[in-house]
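Undergrad: The sequence isn't on hand, but the structure is:
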């Protein structure tokens, strides 16, 4: 008998409904397992592949655009990924309010909106206030992986992490170290096609 199909709605997390409070993630997944958070998964397959490859871990995808969330829920349900959940909303809100301290094993933020114009740089996600919240929710030794194809943003990312403190920079060597040998994301591919190298930064939360 084939396994029962997943309902896409079963993989959707809404504050106050599926998630009654920040400490309820064990109940959401039905177990206690390392939790990995991916911000802005967009239309890429990477999150689906990583969840399929690591059934002993739980994955939480955060995405602002509702149409992408709906499409992704269907793809995750068809793949039978019971260790994956999706929460729609702004990363600042999800990380700052919906995640308890020390609960996350790792966080991945690949090619976030670069806001390339200087006057818009203040809209970028990776700023000190956000990095402080990421450090709060990571367990000791937990990792943060960042990438961008905008050199100025990469420097801003590094400066934001250093200004907060409590981190150790970890070398990133090639695509295999970046994401387990996964394919480049859609935005990475666009940047590479236009001659913009991808800058990757990895940090470990100190105890």
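TA: The structure has been received and is ready for your questions. Worth saying up front: this structure is predicted, and the values here are computed from it rather than measured. Numbers count the residues shown, from 1 in each chain.
Undergrad: Quick check: residue 102 vs residue 73, distance?
TA: 28 Å (Cβ to Cβ, to the nearest Å). In this view, the C-beta of every residue, glycine as well, is placed from N, C-alpha and C.
Undergrad: Give me the more crowded residue out of those two.
TA: Taking neighbours as other Cβ atoms under 10 Å, residue 102 and residue 73 compare with residue 73 leading, 22 against 13.
Undergrad: all strands of the chain, in order?
TA: Taking DSSP state E as the criterion, the chain carries its strands at 35-39, 58-63, 84-88, 104-110, 138-148, 167-170, 199-205.
Undergrad: And the ones you listed: which comes nearest residue 11?
TA: Across the strands of the chain, residue 11 has its closest neighbour in strand 84-88 (5.5 Å, Cβ to Cβ).
Undergrad: Just the angle for that closest one relative to strand 35-39, thanks.
TA: Put simply, strand 84-88 runs at 40 degrees to strand 35-39, going by axes from the mean of the first three to the mean of the last three Cα atoms, to 10 degrees.
Undergrad: Residue 44 - how many residues pack around it?
TA: So residue 44, with other Cβ under 10 Å, has 22 neighbours.
Undergrad: same check, this time on residue 145
TA: For residue 145, the number of neighbouring residues by other Cβ under 10 Å comes to 19.
Undergrad: Show me what the closest residue to it other than its chain neighbours is bridged to.
TA: Leaving aside its sequence neighbours, residue 145 sits nearest to residue 108 (Cβ to Cβ, 6 or more residues apart in numbering; 4.8 Å). Assessed by DSSP bridges, residue 108 has beta-bridge partners residue 38, residue 145.
Undergrad: what sits against residue 108?
TA: Shown in contact with residue 108 (Cβ atoms under 8 Å, 6 or more residues apart in numbering): 36, 37, 38, 39, 145, 179.
Undergrad: so residue 94 sits right up against residue 61, yeah?
TA: No - Residue 94 lies out of contact with residue 61 (Cβ atoms under 8 Å); the separation is 10.1 Å.
Undergrad: how about low-confidence regions in this protein?
TA: Applying pLDDT under 70 to the chain flags the ranges 1-4, 173-196.
Undergrad: Spatially central residue for it, please.
TA: Nearest to the geometric centre of the chain sits residue 38, at 1.5 Å (Cα atoms, centre = their mean).
Undergrad: My read is that that residue contacts residue 58, right?
TA: No - using Cβ under 8 Å, residue 38 is not in contact with residue 58; the gap is 11.6 Å.
Undergrad: one step back: spit out the contact partners of the residue nearest to the centre of the chain.
TA: Residue 38 makes contacts with 46, 47, 50, 59, 60, 61, 62, 107, 108, 109, 110, as judged by Cβ under 8 Å, 6+ apart.
Undergrad: can you rerun that using 6 Å?
TA: Neighbouring residues of residue 38 by Cβ atoms under 6 Å, 6 or more residues apart in numbering: 47, 61, 108.
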